[in-house]
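Visitor: Everything below, folded, please.
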Amino acid sequence: MAVLSIISRTASRRSVRALGVASASVALAIGAAGNALACDISEFSAAAECVGGKGVITVTDVDPAGIPATVTVYLQNNGADAKKVGEQVVKGSREGTTISFTEDWQPNAEYRIHVKADKYVDEDIKPNLVTPATACRPDGTPSPSPSASSSTPTDTPSDGTETPAPAPSTSAPAPAQSESTAPAAVPSNAPSPAAGESNLAETGANSNTGVIAGIAAALVLIGGGAVFYGLRRRGASSKG
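Guide: Residues are numbered from 1 along each chain as shown. Model prediction:
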């Protein structure tokens, strides 16, 4: 009986010890799983974007456990909070859940984004969010330069009616002075003829016309005499 009692007591101790080890293992496994599912600041990210021409600040939560977290956005000025932009609650997901804050942010502005999720997270997203160098609707945008057609003056009067273009002239251009006027006479060193001499020159009185006519008449007479002489001689020969 004593031996059986000792064996039973030893078996009970071993059973209790094995149960304790198993319980500790389960506790460690549950703790590890809990830590793996716990919300962490590294699962949050922020960005400055433009939506429909307006500035927004977006915060994305990729916490697969979906633990609710409160996100607060502050505008910074010289390292201090200048204003509170807004506050929202987000429940993350493995694919990511995004929330948006409407904010007409300026270029190179700085924002502090704080996340608080139960006992897991209570800190800012690091580093602070700095907006792009170009705003969604920048002020002082220069107006477009006028086109060449708009800068060219038109002939339209102030009353809105159009002035017709002048019809091309059909008349020939007036001749230049050099074409319409006779050239001036070039002065000559020869003496001008007298009035009587100029009339004789026009009628041919002082030309060689008379001499030529006399020579022609003489030749005609000579020719006629030669013909007459030749005929007489031919007649005399035929009679003999």
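
Visitor: Relative to the strand ranked longest in the chain, what are the paired strands and their orientations?
Guide: In the chain, assigned by DSSP state E, the strand with the most residues is strand 80-91. Using DSSP bridges, strand 80-91 pairs in its sheet with strand 68-77 (antiparallel).

Visitor: buried stuff in the strand it pairs with?
Guide: Under the neighbour-count criterion of 16 or more other CB atoms under 10 Å, strand 68-77 has 69, 71-76 buried. Just so you know, the C-beta spots here come from the backbone N, C-alpha and C atoms, and that holds for glycine as well.

Visitor: And the helices in this protein?
Guide: All helices of the chain, identified by DSSP state H, fall at 2-37, 148-151, 177-180, 195-203, 209-239.

Visitor: Quick check: beta-bridge partners of T72?
Guide: Beta-bridge partners, per DSSP bridges, of T72: E87, H114.

Visitor: what sits against it?
Guide: T72 makes contacts with 84, 86-87, 113-114, 116, as judged by CB atoms under 8 Å, 6 or more residues apart in numbering.

Visitor: how about those residues in JSON lines, adding neighbour count?
Guide: Output for the contacts of T72, formatted as JSON lines (neighbours: other CB atoms under 10 Å):
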{"residue": "K84", "neighbour count": "10"}
{"residue": "G86", "neighbour count": "14"}
{"residue": "E87", "neighbour count": "13"}
{"residue": "I113", "neighbour count": "20"}
{"residue": "H114", "neighbour count": "17"}
{"residue": "K116", "neighbour count": "17"}
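
Visitor: tell me the contacts of V121?
Guide: By CB under 8 Å, 6+ apart, the residues touching V121 are 39-41, 44, 69, 115.

Visitor: switch the cut-off to 10 Å
Guide: 38-44, 63, 67, 69-70, 114-115 (CB atoms under 10 Å, 6 or more residues apart in numbering).

Visitor: which two from those end up farthest apart in space?
Guide: A38 and H114 (18.3 Å; CB to CB).

Visitor: one step back: what's the ChimeraX line that selects buried ones from the contacts of V121?
Guide: Selecting just the buried residues from these in ChimeraX takes one command, with 16+ other CB under 10 Å as the test:
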select :38,39,41,43,44,63,67,69,114,115
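
Visitor: which residues touch the longest strand of the chain?
Guide: Residues contacting strand 80-91 (CB under 10 Å, 6+ apart): 44, 57, 59-61, 63, 65-77, 97-103, 105, 109-117.

Visitor: Can you list the buried residues in stretch 114-128?
Guide: Those would be 114-117, 120-121, 125, for stretch 114-128 by 16+ other CB under 10 Å.
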